[in-house]
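# The sequence and its predicted three-dimensional model are supplied below.
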Amino acid sequence: MLKTNQNTLADQIEFKGIGLHSGIKVKLIVKPSKPNTGIVFKRVDIKNKDNIIKADFKNVEDPILCTKIKNGSGASVSTVEHLMAAFYGEGIDNALVEIDSSEVPIMDGSALDFVDAIRSVGVEEQNQPRKFIKVLKKVELNEGEKFISIEPLNNDLIIDFELIYKNPLIRTRRKEFKLSNDDLSSIYSSRTFCLYEDIDNIKRMGLAKGGSLENAIVVQGDKILNEDGLRNRHEFVYHKILDCLGDIMLSGNRIFGHIITSQGGHALTNKLLKKFFSEKGNWSLDNFEKINEQNRNSSENQVAISV
């Protein structure tokens, strides 16, 4: 059932782990927050400059293999996407995320630990209405073989994701996820993945210092190197949907729209959000009652025109 009021956590939750790319041990505490504050990260290890970073698509910097947000003073937090996806799916609108390092812990490579912790303390409904972003016009973006678009859809979110790899095991996979109907459990539990032959290059970029078979799926040829194999047969594309869900949570509100993407990723999703929000005619922001009224008026106008 769609919740029309804002929500926060009923109590704080805590995580300890390692950063996937930094390889640094990190402690993260998510605390309840007041209505209309949104998701805010606080670098508690930084004392000499602004350590508050708003979870906002406008604050994304260099989204290479993860999503990194940065404030005007240079304080940053990377790999926020799995935690943000958990917030989106579990209906958390307002939270303060205190972190003592520059990267959210990767946990098992999925959002499962974050979701389980949120469910263990519960969600608290707040006395302020939630605002929703309604897509008014289709917006699309092409980058070579990569494509992403967002178009109008009443009172729901659909993510249609196509994954294309030359790898004989991954190949081409496509799945559609509808927030109102589909079970999120397989999305939440799907882990990040990489090809074995890409590992050396990723490490040369200074990334994946904390990567292991404990927090990522590694594919070599037609084999999966993890002993436990895949958690579900759609895990590769489901993880991409998880990432997309987390990245669009950086819009600051839940979106009513239909996203279609082929070979997308963090950078492409962020570019789409920037293009989409650059023109006010592409979207509206309002509470659920007013958006429903807009939908009814639009339907009545369409009927009148057809008659």
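Noted; the coordinates are in hand.
# Please make it C-alpha for all contacts and neighbour counts, starting now.
OK.
# Which element is encountered next along the chain beyond the helix or strand that contains residue 118?
Element membership of residue 118, judged by DSSP states H and E, is helix 112-121. Sequence-wise, the next helix or strand downstream of helix 112-121 (DSSP H and E) is strand 123-129.
# ok, back up a step: could you give me the average pLDDT of the helix holding residue 118?
The average pLDDT within helix 112-121 is 98.
# how does the protein divide into domains?
5-130, 133-289 (automatic domain parsing).
# between these, which one is nearest to residue 296?
domain 133-289 (10.1 Å; C-alpha to C-alpha).
# tell me the mean pLDDT for the closest one?
Mean predicted confidence for domain 133-289 is 97.
# residue boundaries of the helices in this protein?
Applying DSSP state H to the chain gives helices spanning 81-90, 112-121, 185-189, 199-204, 235-248, 266-277, 288-306.
# can you pull the buried residues of the third one?
I take that to be helix 185-189. 186, 187, 188, 189 (16 or more other C-alpha atoms under 10 Å).
# Quick check: the gap between the third one and residue 109.
So that's residue 188. 10 Å (C-alpha to C-alpha, to the nearest Å).
# before we move on, what about the last one?
As defined by C-alpha to C-alpha, residue 189 lies at a distance of 8 Å from residue 109.
# Kindly report the same for the second one.
With distances taken as C-alpha to C-alpha, residue 187 is found 12 Å from residue 109.
# circling back to that earlier point, select, out of the domains of the chain, the one closest to residue 297.
Once those are compared by C-alpha to C-alpha, domain 133-289 is nearest, at 12.4 Å.
# contacts for stretch 122-131?
For stretch 122-131, contacts defined as C-alpha atoms under 8 Å, 6 or more residues apart in numbering pick out 3-11, 35-36, 91-92, 253-254, 285-288.
# list the contacts for the most centrally placed residue in the chain?
Nearest to the geometric centre of the chain sits residue 246, at 0.6 Å (C-alpha atoms, centre = their mean). The neighbourhood of residue 246, defined by C-alpha under 8 Å, 6+ apart, consists of 80, 81, 82, 83, 84, 85, 86, 88.
# I'd say the first one and residue 65 touch.
No. Counting by C-alpha atoms under 8 Å, residue 80 does not reach residue 65; the two are 11.4 Å apart.
# Pick out whichever of these two has more residues nearby.
Using other C-alpha atoms under 10 Å, the more surrounded residue of residue 80 and residue 65 is residue 80, with 22 against 15.
# gap between the more buried one and residue 256?
22 Å.
# hang on, isn't residue 99 packed against residue 31?
No. With contact defined as C-alpha under 8 Å, residue 99 does not reach residue 31; the gap is 11.1 Å.
# So which of the two has more stuff around it?
Neighbours of residue 99 and residue 31, each counted by other C-alpha under 10 Å, are more numerous for residue 99; the result is 24 against 17.
# Setting the sequence-adjacent residues aside, check what's closest to the more buried one.
residue 28 (4.5 Å; C-alpha to C-alpha, 6 or more residues apart in numbering).
# ok, back up a step: buried residues in the helix holding residue 118?
112, 113, 114, 115, 117, 118.
# and the third one, what is it in contact with?
Neighbouring residues of residue 114 by C-alpha under 8 Å, 6+ apart: 83, 86.
# and if we set it to 6 Å?
Neighbouring residues of residue 114 by C-alpha atoms under 6 Å, 6 or more residues apart in numbering: there are none.
# Could you do the first one as well?
The neighbourhood of residue 112, defined by C-alpha under 6 Å, 6+ apart, consists of 188, 189.
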